[in-house]
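Engineer: For reference, the sequence and a predicted model appear below.
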Amino acid sequence: MCLHAMADSQRLSSLVQASDGVLKHPAPIHDNVARRFLEQQPLQQVFGLLSSHECDVHQLDTICAALTKVLETQYGTSLLPNAADYAEAALQSPQQRLRRLGCQQIGRLLVITHDQQLQQHLQQLLVNALQDSDTGVAGEAERALIAHAAEHPPAFQGLITGSSPAGADLLQLADEGSSTQHMRVFALLTAAAADNSSNVEQLKHSGVVTRLLCQLDPSDPLSCLVALQLLQELVISGGPAAQLMQQLLLPSLLRLMDDPGTAAGAMPIAARLVAAAAMYGGAGSAAAAHGNGVSDMDVEGVDAATAVLARMQDVLDDRGSASSDVEVVVLDAACQLALPSSESAALLASPAVPGLLSAIAVRALGRTSSPGVRLAALHALASVAGVERAGEARDRSAALLNAHAEDAVRQAVYSAVSGAAGGVGQARSPAEAVLIMLQQPFDDIKTGVYRCCSALVLRPWFAADVCNNSTLLARLCKTDSESGQQACEWRHSTIMALWATLHYVAGLPDDAAEARYKGRLLGAVQQQVAAAVRAGPYGAGGGGSRTTQQS
């Protein structure tokens, strides 16, 4: 090894050691630590070593993580203008971790500099980084541009109109880039406009939105489905901008929901948009909470949430005119709507669509000719009742909805097993319907039933119904009532949720409304459930070997 290479190797070793020391230092990193690091490891030397082939991935991660912490200090931030050239050079590195570091620091410099010429140059660098093959690098560039454009209306105007160099590059990317890059441009501008009414108006009338809406044309099904697939990925991470996305996209999505060729792709996206807007305080949730009402995001005079819910209710009507496949699409969309928050789940109980929640419950616990529809309905009802929100902690407060929605859930569940036909297998109570389905030899249905039951049993009224059915309670408490691993774990999850409800009821004062369930939930039942909790999913406290087959 030549002397130069040996010296580089020693410097790299020293840099890695110093970086490791920074990472092990208690947070937050103080200026004196940052100053000492950068005096011993000058930025020019650091970036020179990082571009060396001698630096492996682990070393690179350690150094970049330390640099991020050091440059976030007040002292490190003061050096950013002098580090701009190094950060720009990092964007050309073959190492994605180094490119990501470069994007982060360019974004931070963009926030603090008042030099207009430098701002324009940095914006151009970030727009070019949107095309990076690594999604982490492109994501850093997107976040930096959003933060700057959201705070500086002139910068947003330059991007949306193409009047700035960065804006010209961005619109060229929207015109000539891939569909994925087009979606990224739309996401960037939407997020940057979300909290500024002036920006919103500019975005509404921009070519970016027009081009996107042109892709959502059912007359070209292939192009439309590609656009819908990309939109779904975008909406999942929409965040606070979902309210604006709902306003821009929902009219087109509602038209696609009426077309058999595109309904399956449009329905879950529309549901996600409405759910996200509700979670972030959108008007849809407010309208639903008050029954009807028209929001500032309306579609033909009806608020956005109600427009989507009405389409869903039309499919799940009593006439049964829709195919099983279409019903499954709607039920899956109900899951998407209920997943994010109790606010979005409560939309399904809106008085504006009085038959929707009942239709879901009937398909879950009542009589239906399609196993696929039943399974989808069980998962939808489980999500409405909060199985995901409750989590492994069986958090009742996270699972429960507002008072109106909770009452609607209870009525829907009981109505599903009422009437002349009764529920599944002529069941006369929700607990009996659960028992009948658990006695069937279908693992996927069992999983759906357990998910549904473990969420509903967080309510004292449903817990009382379960405990009143001695056969069902005995089955839930027996560790050998299931043979599949997944079914065993979901059975025990249901018991844990039931135990959480028993504990809640036991602590209620006698004059509380739900204290009336004490007589049916405590005493011998409490001891039986406590023993099942201790036994675990597989018996012997859950510590024995798993002899069960895989579900």
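Structural biologist: On my side now, so go ahead. Only a predicted model underlies this, so the values are computations on that prediction, with no experimental measurement involved.
Engineer: where does the protein have its least confident helix or strand?
Structural biologist: helix 283-289 (a mean of 40; mean pLDDT, DSSP states H and E).
Engineer: Doesn't Arg367 lie inside a helix?
Structural biologist: No. Checked against DSSP: H, G, I helix; E, B strand; the rest coil, Arg367 lies outside a helix; its state is coil.
Engineer: Could you check how many residues crowd around it?
Structural biologist: For Arg367, the count of nearby residues is 18 (other C-beta atoms under 10 Å). Where you see a C-beta, it was placed from the backbone N, CA and C, and this is true even at glycine.
Engineer: I'd say it and Val424 touch.
Structural biologist: Yes. Using C-beta atoms under 8 Å, Arg367 is in contact with Val424, at 6.2 Å.
Engineer: Please report how far the nearest residue to Lys518 once chain neighbours are set aside lies from Pro351.
Structural biologist: Distances taken as C-beta to C-beta, 6 or more residues apart in numbering put Val505 closest to Lys518, at 5.8 Å, once the chain neighbours are dropped. Separation of Val505 from Pro351 (C-beta to C-beta, to the nearest Å) stands at 29 Å.
Engineer: And those two? Which one has more around it.
Structural biologist: Neighbour comparison, Val505 and Pro351: the larger count goes to Val505, with 21 against 12 (by other C-beta under 10 Å).
Engineer: Can you tell me the SS state at the more buried one?
Structural biologist: helix.
Engineer: just the one 4 residues further on next, same as before
Structural biologist: Pro509 carries the three-state label coil when classified by three-state DSSP.
Engineer: which residues touch it?
Structural biologist: Shown in contact with Pro509 (C-beta atoms under 8 Å, 6 or more residues apart in numbering): Ala515.
Engineer: same check, this time on Pro268
Structural biologist: By C-beta under 8 Å, 6+ apart, the contact set of Pro268 is 232, 329, 332-333, 336.
Engineer: Confirm that it sits in a strand.
Structural biologist: No. Read with three-state DSSP, Pro268 is helix and lies in no strand.
Engineer: ok, it to Ser219 distance?
Structural biologist: From Pro268 to Ser219 the distance is 22 Å (C-beta to C-beta).
Engineer: can you check Gly261 too?
Structural biologist: 10 Å.
Engineer: Also Gly167?
Structural biologist: Taking C-beta to C-beta, one finds Gly167 at 31 Å from Ser219.
Engineer: Likewise for Gly448?
Structural biologist: Taking C-beta to C-beta, one finds Gly448 at 38 Å from Ser219.
Engineer: of the two, who's got more company?
Structural biologist: Shown here are Gly448 and Ser219; by other C-beta under 10 Å, Gly448 has more neighbours (23 against 8).
Engineer: Okay, buried residues for stretch 150-166 please.
Structural biologist: 150, 155-160, 162, 164, 166 (16 or more other C-beta atoms under 10 Å).
Engineer: hey, where'd the helices end up in the stretch 451-551 of the chain?
Structural biologist: For the stretch 451-551 of the chain, the helices defined by DSSP state H, counting those that start in this stretch occupy 460-468, 470-477, 485-506, 518-521, 524-535.
Engineer: out of these, nearest to Val387?
Structural biologist: Val387 lies closest to helix 485-506 among the helices of the stretch 451-551 of the chain, at 8.8 Å (C-beta to C-beta).
Engineer: all helices of the stretch 251-400 of the chain, in order?
Structural biologist: With DSSP H, counting those that start in this stretch as the criterion, the stretch 251-400 of the chain has helices at 263-279, 283-289, 304-315, 324-338, 342-346, 356-365, 371-385, 387-390, 396-399.
Engineer: Which of those helices has the lowest mean pLDDT?
Structural biologist: Ranked by mean pLDDT, those end with helix 283-289 at the bottom, a mean of 40.
Engineer: about what we covered before: please dump the contacts of Pro268 into JSON lines; it should also carry distance to Val16 and neighbour count for every row.
Structural biologist: Putting those into JSON lines (distance: C-beta to C-beta, whole Å; neighbours: other C-beta atoms under 10 Å) gives the following:
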{"residue": "Gln232", "distance to Val16": "42", "neighbour count": "15"}
{"residue": "Val329", "distance to Val16": "53", "neighbour count": "22"}
{"residue": "Asp332", "distance to Val16": "49", "neighbour count": "18"}
{"residue": "Ala333", "distance to Val16": "50", "neighbour count": "29"}
{"residue": "Gln336", "distance to Val16": "45", "neighbour count": "24"}
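Engineer: Please identify which of those residues is nearest to Ala87.
Structural biologist: For these, the nearest to Ala87 is Gln232 (33.8 Å; C-beta to C-beta).
Engineer: Thought Arg272 was touching the closest one, still the case?
Structural biologist: Yes. Counting by C-beta under 8 Å, Gln232 does reach Arg272; the two are 7.3 Å apart.
Engineer: Against Val226, how distant is the residue nearest to Ala174 when sequence neighbours are not counted?
Structural biologist: In this structure, Ala174 finds its nearest non-sequential neighbour in Val185, 4.4 Å apart by C-beta to C-beta, 6+ apart. Distance, Val185 to Val226, using C-beta to C-beta: 16 Å.
Engineer: ok, how many other residues are close to Ala398?
Structural biologist: So Ala398, with other C-beta under 10 Å, has 15 neighbours.
Engineer: Is it correct that it is in contact with Glu388?
Structural biologist: No. Using C-beta under 8 Å as the test, Ala398 is too far from Glu388 to be in contact (9.2 Å).
Engineer: hey, what's in contact with both of the two?
Structural biologist: The overlap between the contact sets of Ala398 and Glu388 (C-beta under 8 Å, 6+ apart) is empty.
Engineer: got a list of what Lys69 touches?
Structural biologist: With contact set as C-beta under 8 Å, 6+ apart, Lys69 has these partners: 22-23, 29.
Engineer: swap in Leu228?
Structural biologist: Counted by C-beta under 8 Å, 6+ apart, Leu228 has contacts 216, 256, 262, 265-266, 269.
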